[in-house]
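*Asks:* here is my input; please provide its structure:
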Amino acid sequence: MSLVLQVNIKVKAENLDNFMNQVLENARAARSERGCRQFEVLVDPEDKTSIMLFEVYDDQKAFEAHQAGEAFKKYVAEAVPLLASRERHFWKKAV
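*Replies:* Below is the predicted model:
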């Protein structure tokens, strides 16, 4: 069963370029990880500071492996402080 993560992000406007570089680097790294099926960075066309991450993993174990990786650790340390807010929502397929 797949694990889906939706992350709603609001970036501080002055940090937008720096954040986008870092989140795209994290996304590229995640896509190459075993167990990551999809990792999309989506931008609100009316507000560039509103970002949504859409991530699909094989299972909880694959997601945990992603979080243990160096790219994710770097992202959390360097990119998360650039945010105004971040909300994570986990989803699973209805049976």
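
*Asks:* the helices in this structure, which residues?
*Replies:* Secondary structure of the chain by DSSP state H: the helices cover 16-31, 60-68, 70-78.

*Asks:* grab the longest strand from the chain for me.
*Replies:* In the chain, assigned by DSSP state E, the strand with the most residues is strand 47-57.

*Asks:* which neighbouring elements make contact with that one?
*Replies:* strand 3-11, helix 16-31, strand 36-44, helix 60-68 (3 or more Cβ pairs under 8 Å, 6 or more residues apart in numbering; DSSP states H and E). Glycine gets a C-beta too; all of them are placed from N, C-alpha and C.

*Asks:* and Tyr88, what does it touch?
*Replies:* Quick fix: residue 88 is Arg, not Tyr. Contacts for Arg88 (Cβ atoms under 8 Å, 6 or more residues apart in numbering) come out as Leu5, Gln6, Val7.

*Asks:* next: Ala30.
*Replies:* Residues near Ala30 by Cβ under 8 Å, 6+ apart: Cys36, Phe39, Glu55, His66, Gly69, Ala71, Phe72.

*Asks:* at 10 Å what do you get?
*Replies:* Residues in contact with Ala30 (Cβ atoms under 10 Å, 6 or more residues apart in numbering) are Cys36, Gln38, Phe39, Leu53, Glu55, Tyr57, His66, Gly69, Ala71, Phe72, Tyr75.

*Asks:* quick one on the thing from earlier: could you flag which of the contacts of Arg88 are buried?
*Replies:* Leu5 (16 or more other Cβ atoms under 10 Å).

*Asks:* so which of the helices of the chain comes closest to Ala94?
*Replies:* For Ala94, the closest of those is helix 60-68, at 17.5 Å, according to Cβ to Cβ.

*Asks:* low-confidence stretches in this structure?
*Replies:* 1 (pLDDT under 70).
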